[in-house]
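Trainee: Sequence and predicted structure below; questions after.
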Protein chains: 2
Amino acid sequence: MPAAKSLEPASYVVLGMLRLGARSGYDIKRAVDVSTRFFWTISPAQIYPNLRRLERAGLVRGRSEPRGRRPRRLYELTSEGEGELAAWLRRDEPLTWELRDAGTLKLFFADALEPAEAAEVLAGIRRRSERFLERMRHEIHPAAVAVEEVEGHAFPLVSLRLGIAVHQAMVDTCRQLERELTARV
Amino acid sequence: MPAAKSLEPASYVVLGMLRLGARSGYDIKRAVDVSTRFFWTISPAQIYPNLRRLERAGLVRGRSEPRGRRPRRLYELTSEGEGELAAWLRRDEPLTWELRDAGTLKLFFADALEPAEAAEVLAGIRRRSERFLERMRHEIHPAAVAVEEVEGHAFPLVSLRLGIAVHQAMVDTCRQLERELTARV
DNA sequence: TAGGACATGTAATGCGTTACATGATTAT
DNA sequence: ATAATCATGTAACGCATTACATGTCCTA
């Protein structure tokens, strides 16, 4: 019997990364660090127990490949796992969207500051997004392009374009608001 | 001696909401629900203990105003609290930005789907942001405008404009990507 | 052959939410 | 007068991170 109830998101990250070619828990951790981290983080303590559970559920198949006396386990997706992943992707359900943003939080309370100081809060938010854009464009983007060309996976790049667009909008809007604020002084 | 080390973000939400006119823990909860919730959530279980701690630290002053036999406590900011809030707003520090977005996560793995199904994932993300925009423009925005006009607090509206810009960018980018995807079929 | 980086995992801790408990006020 | 809603809080639980423990491989 396939998984009776739907899995937690972290499990789908594991399944998805296996599908994209990861074989070990460590592979998954590294892949997350340069990709989904920007919209969904998971930690080692979620990855390894999840692999075991998914194996018991028949969604992945694992085998031991110790390195010397050090245990080590490699995994691959079963066809059941592939099906479960696709079913999740197709499932029409509420998509969680949760943000924790200390920048916008400070901005919200910035009436307690002088206008010049409030402008500095805006500038801090803008610089943060500029740094995000820098990293996305120069570190992540080339890797995503390579993955598309070599492995034929197009959607990591698509999701990156969405992230870039969001931070570009942050930068543009901050600039606009900074102008309005200095104009008022 | 004023607070030796800097507080957690939830404490600044409490201080900030008191400054904006909230008097009780419940006031703070309601204010959060219609404003900072979109970029920083806190729950009752964080609010009430925080008020007690802030009172012990001398940053807020509380008094009992029971309703019948039901205990009830009202608070106001002390000048020390006002100073601590402003110091945090001025402090130049790394601004956390963390997102949990199941939509972009699905999009990242959408190579496992047919193009038409992947377009449906994009459409789901777009509709979610359209609903956000709807609520921000029709529920939150009027309230923020009223707060600006009546109380003179301008920055709740500024932070809202930032949030609207982000979701508008999501909508625009999804539309563009949907077009590209259907063009490829 | 020693030091550092790579790799694999686990345990403990802490934080925040969910659910609950309780009482007052309002509406019907 | 009864239900529904407003209001004030707390306790327990669960999840996810931080820190740690350990072994292997590379390199100088």
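Mentor: Arrived safely.

Trainee: and residue A:145, what pLDDT?
Mentor: For residue A:145, the pLDDT comes out at 89.

Trainee: now swap in residue A:5 and tell me
Mentor: 61.

Trainee: Residue A:152 too?
Mentor: pLDDT, read off for residue A:152, is 93.

Trainee: For it, what are phi and psi?
Mentor: In terms of degrees, to the nearest 10, the main-chain angles of residue A:152 are phi 80, psi 10.

Trainee: ok, now which ones touch it?
Mentor: residue B:111 (Cβ atoms under 8 Å, 6 or more residues apart in numbering or on different chains). For the C-beta atoms, the positions are set from N, CA and C on the backbone; glycine is no exception.

Trainee: and the gap between it and residue A:39?
Mentor: 22 Å (Cβ to Cβ, to the nearest Å).

Trainee: likewise residue A:16?
Mentor: 13 Å.

Trainee: quick one: which of those two has more around it?
Mentor: residue A:16 (24 against 21; other Cβ atoms under 10 Å in any protein chain shown).

Trainee: could you say which helix or strand contains that one?
Mentor: helix A:9-19 (DSSP states H and E).

Trainee: Give me the contacts around that helix.
Mentor: Outside helix A:9-19, the residues that reach it (Cβ under 8 Å, 6+ apart) are A:27-28, A:31-32, A:36, A:40, A:42, A:46-47, A:50-51, A:53-54, A:59-60, A:75-77, A:81-82, A:84-85, A:88, A:96, B:102, B:105, B:108-109, B:112.

Trainee: From those residues, list just the buried residues.
Mentor: A:27-28, A:31-32, A:36, A:40, A:42, A:46-47, A:50-51, A:53-54, A:59-60, A:75, A:77, A:81, A:84-85, A:88, B:102, B:105, B:108-109, B:112 (16 or more other Cβ atoms under 10 Å in any protein chain shown).

Trainee: what secondary structure does the closest residue to residue A:108 other than its chain neighbours sit in?
Mentor: Spatial nearest neighbour of residue A:108, chain neighbours left out: residue B:159 (4.3 Å); criterion: Cβ to Cβ, 6 or more residues apart in numbering or on different chains. Following DSSP: H, G, I helix; E, B strand; the rest coil, the label given to residue B:159 is helix.

Trainee: for the helix or strand of chain A with the lowest mean pLDDT, the distance to its chain's centre please.
Mentor: The weakest-scoring helix or strand in chain A, judged by mean pLDDT, DSSP states H and E, is helix A:141-151 (a mean of 89). In terms of Cα atoms, centre = their mean, to the nearest Å, the centre of helix A:141-151 is found 17 Å from the chain centre.

Trainee: likewise stretch A:10-26?
Mentor: Taking mean C-alpha positions (Cα atoms, centre = their mean), stretch A:10-26 and its chain are 13 Å apart.

Trainee: CA atoms only for that stretch, dumped as PDB, please.
Mentor: Taking Å, rounded to 0.1, in the frame of the first residue of the first chain, the C-alpha atoms of stretch A:10-26 are listed here in PDB:
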ATOM      1  CA  ALA A  10      11.000  18.000   3.800                       C
ATOM      2  CA  SER A  11      10.300  14.500   2.500                       C
ATOM      3  CA  TYR A  12       9.500  15.900  -0.900                       C
ATOM      4  CA  VAL A  13      12.700  17.900  -0.900                       C
ATOM      5  CA  VAL A  14      14.600  14.700  -0.300                       C
ATOM      6  CA  LEU A  15      12.600  12.800  -3.000                       C
ATOM      7  CA  GLY A  16      13.100  15.700  -5.400                       C
ATOM      8  CA  MET A  17      16.800  16.000  -4.900                       C
ATOM      9  CA  LEU A  18      17.300  12.200  -5.400                       C
ATOM     10  CA  ARG A  19      15.400  12.600  -8.700                       C
ATOM     11  CA  LEU A  20      17.800  15.400  -9.700                       C
ATOM     12  CA  GLY A  21      20.800  13.100  -9.100                       C
ATOM     13  CA  ALA A  22      21.700  13.300  -5.500                       C
ATOM     14  CA  ARG A  23      22.700   9.900  -4.000                       C
ATOM     15  CA  SER A  24      23.600  10.500  -0.400                       C
ATOM     16  CA  GLY A  25      22.300  12.600   2.500                       C
ATOM     17  CA  TYR A  26      25.300  14.700   2.100                       C
END
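
Trainee: I appreciate the help and will end here.
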